[in-house]
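Visitor: turn this into a model:
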Amino acid sequence: MKIAILIKGSYFLNKYNRSRKMVPQRIKQFYMNITDTMKKEDYDYVNKILNEKEMNWFLKLSKSEQKHSLRNATDIENIIDSNLISNEVILNNKESLKRASLLHDIGKSRKRLNVFDKSIIVILNKLTKGNLIKFKKSKKIQCYYRHSEYSYEILKDILDDKIILNIAKNHHNESDDEIIKFFKSIDDKN
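Guide: Got it, this is the predicted structure:
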């Protein structure tokens, strides 16, 4: 019943020039965020990649954001290890890409958004055509829009990997950078 309501709601969203592909992707993301949980083996994987300071920041993320970041890291690892790409820049930066995956959203720890907050903000953002950012008094809305900037500000003080810093700062921006494009394709899917 709930899924039928969401699917019927997709007509409403399409009426406002929403992509037909975006609605099912958002439904999938919502479902993953409320059902997928971090397990001991997930934390073991993350511990192998991050140092102690980075891990402390990672743990400040909500569980759903941690899992999102983990999915990004494992997808990147699987794609590179499966030889599905031949781009040397990406292949040579696998470890930085995995670390970036785990750290790119740590700016969201500034004002944590639960799955429902995030869903409401995403819908309102679409309905207002991006004008929701004008609500300066809402820390949650500002965190949603500015988390990349916040992530960069945090990370520049704890690491000096230019690839990770660039991804943290630009993972929602349009870019010709091959690494950013690759990262965005993974991040958008998860």
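
Visitor: use CA for all of it now, contacts and neighbours both
Guide: Will do.

Visitor: number of nearby residues for R110?
Guide: 16 (other Cα atoms under 10 Å).

Visitor: what residues are up against it?
Guide: 143, 150 (Cα atoms under 8 Å, 6 or more residues apart in numbering).

Visitor: look up how far L61 lies from it.
Guide: From R110 across to L61, the span is 9 Å (Cα to Cα, to the nearest Å).

Visitor: I'd say G107 and K156 touch.
Guide: No - G107 is not in contact with K156 according to Cα atoms under 8 Å; the separation is 11.8 Å.

Visitor: between these two, who's got more neighbours?
Guide: Taking neighbours as other Cα under 10 Å, G107 and K156 compare with G107 leading, 27 against 14.

Visitor: name the nearest residue to N114, ignoring sequence neighbours.
Guide: S62 (7.4 Å; Cα to Cα, 6 or more residues apart in numbering).

Visitor: give me phi/psi at that neighbour?
Guide: The phi/psi pair for S62 (degrees, to the nearest 10) reads phi -60, psi 160.

Visitor: quick one, what contacts it?
Guide: 109, 112-114 are the contacts of S62 under Cα under 8 Å, 6+ apart.

Visitor: quick one: low-confidence parts of the chain?
Guide: 1-23 (pLDDT under 70).

Visitor: all strands in it, in order from the N-terminus.
Guide: In the chain, no strands are defined using DSSP state E.

Visitor: in the longest helix seen in the chain, what counts as buried?
Guide: Ordering each helix of the chain by length in residues (DSSP state H) puts helix 63-81 first. Neighbour-count burial for helix 63-81, counted by 16 or more other Cα atoms under 10 Å, picks out 63-77, 80.

Visitor: which of those residues lies closest to K136?
Guide: E65 (23.2 Å; Cα to Cα).

Visitor: would you mind confirming that I79 is in contact with I85?
Guide: Yes - assessed by Cα under 8 Å, I79 is found in contact with I85 at 7.1 Å.

Visitor: could you check how far S64 is from N92?
Guide: Taking Cα to Cα, one finds S64 at 29 Å from N92.

Visitor: please apply the same query to R112.
Guide: Applying Cα to Cα to R112 and N92 gives a distance of 33 Å.

Visitor: more crowded one of the two?
Guide: Between R112 and N92, counting by other Cα under 10 Å, R112 is the more crowded of the two (19 against 11).

Visitor: so what's the more buried one closest to, chain neighbours aside?
Guide: That would be S62: by Cα to Cα, 6+ apart, it lies 6.8 Å from R112.

Visitor: before we move on, the earlier item: so how far is D105 from the residue nearest to N114?
Guide: 10 Å.
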